[in-house]
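# Sequence plus predicted model, see below.
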Amino acid sequence: MKRTGCWIWIGLAVLFCACRPEIRRQVISLNGEWQMAKTGGEMPEVFSATAPVPGLVDLALPALDTAGTTYSDSSWYWHRRVFELPRTDFEVMLLKIFKAKYHTKVYVNGRFAGENEYCFTPSYYDIKPFLRPAGQPNELLVGVGSKAELPADVPNGNDYEKIKYIPGIYDNVELILANRPFINNIQCVPDVRCEKLRVEAEMEMDAHASGRLQMDYSVTEAASGREVAAGVLDVTVTPVNSYAVVDFEVDMKDAILWTPATPFLYELALRTDADEKRVRFGMRSFRFDPERRIALLNEKPYSLRGTNVCIFRFFEDPDRGTLPWEPEWPVTLHERFKDMHWDCARYCIGFPPERWYDICDSLGFMIQDEFPVWGVYDFTVPRIAEEYRRWMRERWNHPSVVIWDAQNETVTPLTAQAARQVRTLDRSGRPWENGWSEPMSDTDPVESHPYLFIKYMKTATEPAEGYKKELFGHRRRPDNDASDRSETTRDAGIVFPNPSVINEYGWIWLNRDGSTTTLTDNVYETLWQGSRLTPQERLHIYARHLAMLTEYWRAHRQAAGVLHFCGLGYSRSEAPRGQTSDHFTDIRHLTWEPEFYKYVNPAFSPAGLMIDVWEKSYPAAVQLTVPVYVINDPDVPFEQEVTLTLLRDGQAVSTFRRPAAVKPHEVEIMPFSVTLPAEPGDYQLKAEVIINNRPVFSLRDITVGK
């Protein structure tokens, strides 16, 4: 019986494939050089410049704006492209603009084809009614407005630390040509426990179509092309407004799971008798355990280590140019991140081009995807819920996207109300983070921004003595502490027991040239007499203290993740000066600032160390107990000798060794008994191990007998 059924299935597959005509979907990229013009809103008559798409309008040549333009008026920037099509008899002819800001209007051959006021998600336009016959030129005109032109209830990406909101078509533009039944959207839903893949496909049917639909599918390994599953579907559907949903499962037994260490990808191909759509996916699950307050990747504990990318801030960096859209630069950027022992990032207050998510899928890099809302919320719930929906539909097949992030540092009920309307559309059930607002579920994380150095921001006259003990000596828990949250939250007495992710900390930023930022002028002056220091001395202080902060938050295991701020942003040392910065000395070649790489890289090592000593001075010749925390993030035990050395002027005064045995995902505290020298002076404690031929260490500077 089983053998007969198998032959029937094979026969149906052969018959279906033999009867299906050639797949007719075509996707045509319209990326490249476009003509450009700037107006006050009216349609242009002359196009005096050219600019790349994707890109931003400040790339136009000759320039359409003067130096120093902040793009705060109501100007419109018009992009013109002429194209021909050899065939125009497709039933579906869509123009897709992946992302453009702010407010998009589309004209085809002089006729209005549609508009989109949203700025951060794709828009689709049915251009079939406006096209000329095959072989004739078609004129495509895309206008983008300014942030000031947007309606007040549309999210605009407000960022209190930006000065320029540069318009542009900042992601791909393409034509999708196909016939019906048209595969409008596919959602791949991995089930790693049951070794299944659920597929939910949204189909666009002919208005007169019957309820019967034949399809076939195949799953292949993305890299090798080896087929791992295939089948034929013969289903009955009930179209609603010409749309129907097909929901089925694929057996993925013995599938290779996607992780940052093994970013294994599959490709699903789904075919009707008139269309075909392919999507990549990874077999992985991600969630938070509310009891243990940890993250689980593929149902195993996983400590998140990472950074932040502020792409919209980088858009206004003077050295940005075309870097975000170049073929290799974003790949190298994420490779640099991986070399820092980072396996995740928060795309903070803004979305990069869609290709960046493909890169993260391939490299094994996890993303907390943060919607561009910070502090301003004149928007209405239906407005933001609709853009949340569009955002999810674009991203839900990316294994790299592990957290939907509704907003940044904002206290409002609106984002939760909007998210609740759409979050069940994601069948994978990814967690949602909701800034400083109340989380929607006990399995959702809260963001924590424990800026210990912020207390020194407002004045340069506060006493600095003892700051290390004061800042580090008793703070173990980064969240649920009133000082970590906004005035509104603090006044309300809100405390969230949810798992927390530290995705910002520090408040000791320096620009790439070693100068202080507007937020850190007084921090450096108060604590280190910053105006008397050279840029190199300030960069050394920055790196050393950022390393200590990183060790500190990792060692106490009170957060599910530690993400530093930030890996990519602007650097504005000239007026108008910036508030934060990244750590590159050469942004084109992505060269790390050497002090940052030397000290912060080992602080993020999966197996890391922390010396739990914070006093600045000690009496001579006393016995000192030095606790050394040994952090072990990986799935395997850590078994190695830890060395603690007391140094003076780089030379060893005394050395102590102890074997360490730390279970996976745990931290052990190893006390070392150290007799301090009788001779007064400046000394350094250094705990160290060698992992993969690279030193992993923790440093503390102490003064003895002064």
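Thanks, I have the structure now. Numbering: from 1, shown residues only.

# Where does the prediction get shaky in the protein?
Scanning the chain for pLDDT under 70 picks out the ranges 1-23, 208-210, 460-495.

# Which helix runs longest in it?
Determined from DSSP state H, the single longest helix within the chain is helix 535-555.

# Contacts only, for Glu91.
Residues in contact with Glu91 (C-beta atoms under 8 Å, 6 or more residues apart in numbering) are 178-180, 182, 206, 274. The C-beta positions use only the backbone N, C-alpha and C, and glycine is treated the same way.

# and with 7 Å instead?
Glu91 makes contacts with 179-180, as judged by C-beta atoms under 7 Å, 6 or more residues apart in numbering.

# same check, this time on Arg648
By C-beta under 7 Å, 6+ apart, the contact list for Arg648 reads 681, 683.

# residues of the longest helix of the chain that come out buried?
Across helix 535-555, burial judged by 16 or more other C-beta atoms under 10 Å covers 538-555.

# Given the following helix or strand past it, what are its sheet partners and their directions?
Going down the chain from helix 535-555, the next helix or strand is strand 561-563, by DSSP states H and E. For strand 561-563, the paired strands and their directions (DSSP bridges) read strand 304-309 (parallel), strand 500-502 (parallel).

# any chance of the ones you listed in TSV, with mean neighbour count and distance to Ala416 too?
Below are these laid out as TSV (neighbours: other C-beta atoms under 10 Å; distance: least, C-beta to C-beta, whole Å):
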stretch	mean neighbour count	distance to Ala416
strand 304-309	24	23
strand 500-502	26	17
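
# Quick check: phi and psi on the spatially most central residue of the chain?
Central residue of the chain (C-alpha atoms, centre = their mean): Tyr347, 3.0 Å from the mean position. Here is the backbone geometry of Tyr347 (degrees, to the nearest 10): phi -80, psi 100.

# hang on, the earlier thing: so which of the strands paired with strand 561-563 comes closest to Lys663?
With C-beta to C-beta as the measure, strand 304-309 is the member of the strands paired with strand 561-563 nearest Lys663 (18.4 Å).

# now for the next helix or strand along the chain from that closest one, which elements pack on it?
Counting by DSSP H and E, the next helix or strand C-terminal to strand 304-309 is helix 311-314. Using 3 or more C-beta pairs under 7 Å, 6 or more residues apart in numbering; DSSP states H and E as the contact test, no helix or strand touches helix 311-314.

# Need the residues that contact helix 311-314.
Helix 311-314 has contacts (C-beta under 7 Å, 6+ apart) with 157, 159, 161-162, 320, 324, 347, 349-350, 352, 372, 568-570.

# which pair in those residues spans the largest distance?
Longest span within the contacts of helix 311-314, C-beta to C-beta: Glu161 and Pro324, 18.7 Å.

# More neighbours: which of these two?
More crowded of Glu161 and Pro324, by other C-beta atoms under 10 Å: Pro324, with 22 against 17.

# hang on, the more buried one is in a helix, isn't it?
Yes - per DSSP: H, G, I helix; E, B strand; the rest coil, Pro324 lies within a helix segment.

# pretty sure it is in contact with Pro353, am I right?
Yes - contact criterion C-beta atoms under 7 Å: Pro324 and Pro353 qualify, at 6.3 Å.

# Name all residues that make contact with Pro372.
Pro372 makes contacts with 120, 155, 157, 312, 349-350, as judged by C-beta under 7 Å, 6+ apart.

# actually Arg700, not the one I typed
By C-beta under 7 Å, 6+ apart, Arg700 lies in contact with 611, 613, 684-685.

# What of Glu149?
By C-beta under 7 Å, 6+ apart, the residues touching Glu149 are 74, 102-103.

# Buried only: go through these for me.
With burial judged by 16+ other C-beta under 10 Å, the buried subset of the contacts of Glu149 is 102-103.

# Between the contacts of Glu149, which sits nearest Pro137?
His103 (27.0 Å).

# Spatially nearest residue to the closest one (excluding sequence neighbours)?
In space, and not counting its chain neighbours, His103 is closest to Gly145: 4.0 Å by C-beta to C-beta, 6 or more residues apart in numbering.
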